[in-house]
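A.B. asks: Build the 3D model from these lines:
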Amino acid sequence: MTNQFIRSAMIDWRKISPDSYLRSIPSISSAEQIDFEQPVTFFVGENGSGKSTLLEAIAVAYGFNPEGGTRNYNFSTYDSHSELHSAIRLSRSVRRPVYGYFLRAESFYNVATMENEYSRGPGGIPQHYHEKSHGESFLALVQNSFRENGIYLLDEPEAALSPQRQLTLLVEIHRCAQGGAQFIIASHSPILLGLPGAQILSFDGGVIHPCSYEETESYQVTEVFINHREHLLHNLLEK
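C.D. replies: Residues are numbered from 1 along each chain as shown. Predicted coordinates:
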């Protein structure tokens, strides 16, 4: 049995309405239990395969605000999360995290705004995220908020980052994981997915299943493009 903060997530389909769109997502509708065996777990798969939907549901079931932030955040600009969180039961370790964060690329602007608002309170230090570029503020938030012995759920964190900054993020993830943190990350980044020892769960093929780094589509497409760029572009563009 693992010692992760979240050991597994179980879905009780009796709590999902019969006409819910969740039942039309093959990887989600076929899932009953997802086990987290390593400090870092990646969700991979094509757009619409359900990885962000499941990540969000796990985050909300754990107590995070649907739009992101720490578990102390309580704000909403648009109620878009699914009912899946209400059907999820988490198996947790007796170990409790000291820190935690749910980070979503699509709602980062709203979270950065609330970070500035909350930091104006007693003892707070305003970070002025909106005065930085998107990528700079995203990475600054990571470096200010990620600590050892924490739990972090990240949805496509590479979206705002250059390849070089993705390497910086990879180092931050590795450092925290080595210190007892747990990460669950939905990602398309062949850089982040290359983190040694990470568990990779693919949502492609209609069922959630483990796969190797080299089996991910992110790696395969990038490898083909880099090593056979001219041939690939010829086939794509000369039709």
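A.B. asks: who touches whichever strand or helix holds residue 60?
C.D. replies: In this structure, residue 60 is located in helix 51-62 according to DSSP states H and E. Applying C-beta atoms under 8 Å, 6 or more residues apart in numbering, the set of residues contacting helix 51-62 from outside is 6, 9, 22, 25, 27-28, 31, 34, 43-45, 66, 71, 81-82, 84-86, 88-90, 100, 102, 104, 151, 153, 155-156, 184-186, 203. Backbone N, C-alpha and C define where each C-beta goes, glycine included.
A.B. asks: end-to-end on stretch 203-210?
C.D. replies: 9 Å (C-alpha to C-alpha, to the nearest Å).
A.B. asks: Repeat that for stretch 147-164.
C.D. replies: End-to-end distance (C-alpha to C-alpha), stretch 147-164: 21 Å.
A.B. asks: How far does it sit from its chain's centre?
C.D. replies: 7 Å (C-alpha atoms, centre = their mean, to the nearest Å).
A.B. asks: List the buried residues for it?
C.D. replies: Buried residues in stretch 147-164, counted by 16 or more other C-beta atoms under 10 Å: 147, 149-161.
A.B. asks: Same list, these, but as TSV with secondary structure and distance to residue 238 please.
C.D. replies: What follows is those, written out as TSV (DSSP: H, G, I helix; E, B strand; the rest coil; distance: C-beta to C-beta, whole Å):
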residue	secondary structure	distance to residue 238
147	coil	51
149	coil	54
150	strand	50
151	strand	49
152	strand	44
153	strand	43
154	strand	38
155	strand	36
156	coil	32
157	helix	36
158	helix	30
159	helix	31
160	helix	34
161	coil	33
